[in-house]
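Enquirer: Got a sequence here, can you model it:
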Amino acid sequence: MKNILVTGSVGQIGSELTLELRRRYGNGNVIAGINRTQPTGALAETGPFMKVDATNREELAAAVKKYNIDTIYHLAAVLSAVGEKNPGLAWNIGVNGLYNVLEVAREFNCAVFFPSSIGAFGPTTPLDNTPQDTIQRPTSMYGITKVTGEMLCDYYHLRFGVDTRGVRFPGIISNVTLPGGGTTDYAVEIYYEAVKHQRFTCPLSKGTFLDMMYMPDAINAAVNIMEADPSRLKHRNAFNVSSMSFDPEIIAAEIRKHIPGFIMEYDVDPIKQKIADSWPNYMDDSAAREEWGWNPVYNLESMTRDMLAVITEKHRKGLI
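Expert: Residues are numbered from 1 along each chain as shown. Predicted coordinates:
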């Protein structure tokens, strides 16, 4: 039985991943690592949590020792748009935090999951069908921390034998926890605004294609890569994973199939647009499919149906 620590457990991915890990491995075996934000609801009620600041190696080591941790899902990070406002913080959490996690993992023989991102690519990377192995020269601090993290994870596996694994996530769309300052956040916000106001002002321009994924597929990717047979993994870290690609006009058109009066306007955020323009339109995820059986369930049509149904029910109950 695994004993798992999740850093960044109250974030967009962490809040849902922690619950799924508890469902699979037992509530008491999955520790929610928290820092500034206290857990609420099911996250607080279903299992243990402990203050774990990834930039504090002593706190990390204390949690690993206390709960006999053998696997760390390291999700603590500063997202892309926020990272441009505070690049020093993005570096400290994104790189120094990961370094601490890897050092603790080396000392206590833990496996580590590290999520990279489409942000690890840059404007000189092929934008269409972006290869698994290609040039990576990101122009955002967020992207720089992700490339550094990919290389650190590879180094710790090759140099010290740490079982590091990870994926490059596209934009993640969820109906549970709102995102916290990423370039792809519009693809979550648009659903909420469509239900509440039938109108949305988009910060990215039409024609801005980006890889996206529904949260249930993202959760499965994070769990399945850690369960994969290591003998099949040629890459181990930074697997491209994708399930759909669209621009704002396409997602708006899909929403209008359910909310015909939905109106979308544009007020382009130059920082987010610059970041988005440097990211892939869609990635080649064949390596993940071949090496550990990656296969997403949702597409834009099925995701939109589910997102609108859940958010509409929340709105009816006065929860949003």
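Enquirer: Could you use CA atoms for every contact and neighbour count after this?
Expert: Noted.
Enquirer: shaky segments in the stretch 1-150 of the chain?
Expert: For the stretch 1-150 of the chain, the stretches with pLDDT under 70 are 1.
Enquirer: Break this protein down into its structural domains.
Expert: Taking automatic domain parsing as the criterion, the chain consists of the domains 4-170+215-240, 171-212+243-281+297-316.
Enquirer: How far does the shortest one sit from its chain's centre?
Expert: When C-alpha coordinates are averaged (CA atoms, centre = their mean, to the nearest Å), domain 171-212+243-281+297-316 and its chain have centres 16 Å apart.
Enquirer: likewise stretch 122-134?
Expert: 19 Å.
Enquirer: again with stretch 19-35
Expert: Averaging C-alpha positions (CA atoms, centre = their mean) puts stretch 19-35 17 Å from its chain's average.
Enquirer: related to what we said a few turns ago, ok, which of the domains of the chain comes nearest residue 289?
Expert: domain 4-170+215-240 (9.5 Å; CA to CA).
Enquirer: end-to-end on that closest one?
Expert: Length of domain 4-170+215-240, first residue to last, CA to CA, to the nearest Å: 24 Å.
Enquirer: Need the contact partners of stretch 85-99.
Expert: With contacts defined as CA atoms under 8 Å, 6 or more residues apart in numbering, stretch 85-99 is touched by 54-56, 74, 76-79, 83, 141-142, 145-146, 148-149, 152.
Enquirer: Now for these: which two are most distant?
Expert: So, these by CA to CA: farthest apart are 56 and 141, at 21.2 Å.
Enquirer: what sits against the residue sitting furthest away from the middle of the chain?
Expert: With distances taken as CA atoms, centre = their mean, the residue sitting farthest from the centre of the chain turns out to be residue 261, at 31.6 Å. Contacts for residue 261 (CA under 8 Å, 6+ apart) come out as residue 198.
Enquirer: Provide the secondary structure category for it.
Expert: For residue 261, the assignment made with DSSP: H, G, I helix; E, B strand; the rest coil gives coil.
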